[in-house]
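Visitor: Have a look; sequence and predicted model below, questions after that.
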Amino acid sequence: MRRRIWFAALTAILMLSLCPAQAETIRVVIEKLGYEPATINAKVGDTVEWENRDVIAHTATVRGDWDVMLPAKTTASFVLKQSGDVEYYCRFHPNMTARIAIAPR
Ligand SMILES: [Cu+2]
């Protein structure tokens, strides 16, 4: 009996450690020329989805790296491929900045 409980517990632990955590989608809202939230924590493989609620276009741009175009009243996303701390901004409104802390998976 005790042996069976141990076996069940071991099986559960093994399954949890074998199944990698699901990739998440992190939503950022753009409103009145600002990213909200301005700082997010993510993992490699996660998706960041920006919803631009403004009536003007914005971008989510990492200097020398990726660039996501966000026309007015649209949503666009990007899958994070590299770990690290990145700062992104809007090419049209350089005062708009935000950051993503990307942990390895
Ligand atoms: Cu902008």
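Guide: Cool, the structure landed. Residues are numbered from 1 along each chain as shown.
Visitor: Where does pLDDT dip in the protein?
Guide: 1-2, 5-20 (pLDDT under 70).
Visitor: now residue 3, what's its secondary structure?
Guide: helix (DSSP: H, G, I helix; E, B strand; the rest coil).
Visitor: Specify the beta-bridge partners of the residue nearest in space to the middle of the chain.
Guide: For the chain, the residue sitting closest to the mean C-alpha position, by Cα atoms, centre = their mean, is residue 48 at 3.6 Å. Here residue 48 sits in beta bridges with residue 26, residue 78, going by DSSP bridges.
Visitor: Please list all residues in contact with it.
Guide: 25-28, 40, 42, 60, 77-78, 80, 100 (Cβ atoms under 8 Å, 6 or more residues apart in numbering). All C-beta atoms are positioned from the backbone trio N, CA, C, and that covers glycine.
Visitor: Excluding chain neighbours, what is closest to residue 35?
Guide: residue 98 (3.9 Å; Cβ to Cβ, 6 or more residues apart in numbering).
Visitor: If you count neighbours, what's buried in stretch 61-72?
Guide: 61-62, 68, 70 (16 or more other Cβ atoms under 10 Å).
Visitor: now the end-to-end length of it.
Guide: Counting by Cα to Cα, to the nearest Å, you get 16 Å between the two ends of stretch 61-72.
Visitor: So among the contacts of residue 48, which ones count as buried?
Guide: Buried, going by 16+ other Cβ under 10 Å: 26, 28, 40, 42, 60, 78, 80, 100, out of these.
Visitor: helix or strand for the second one, which one?
Guide: Following DSSP states H and E, one finds residue 28 within strand 25-30.
Visitor: quick check, that strand touching the ion?
Guide: No: for strand 25-30 and the ion, the contact criterion (Cβ under 5 Å from the ion) is not met; the two come no nearer than 7.5 Å.
Visitor: On the strand side of things, show who residue 30 bridges to.
Guide: Here residue 30, judged by DSSP bridges, has bridge partners residue 35, residue 52.
Visitor: Isn't it up against residue 68?
Guide: No: between residue 30 and residue 68 there is no contact under Cβ atoms under 8 Å: 11.0 Å.
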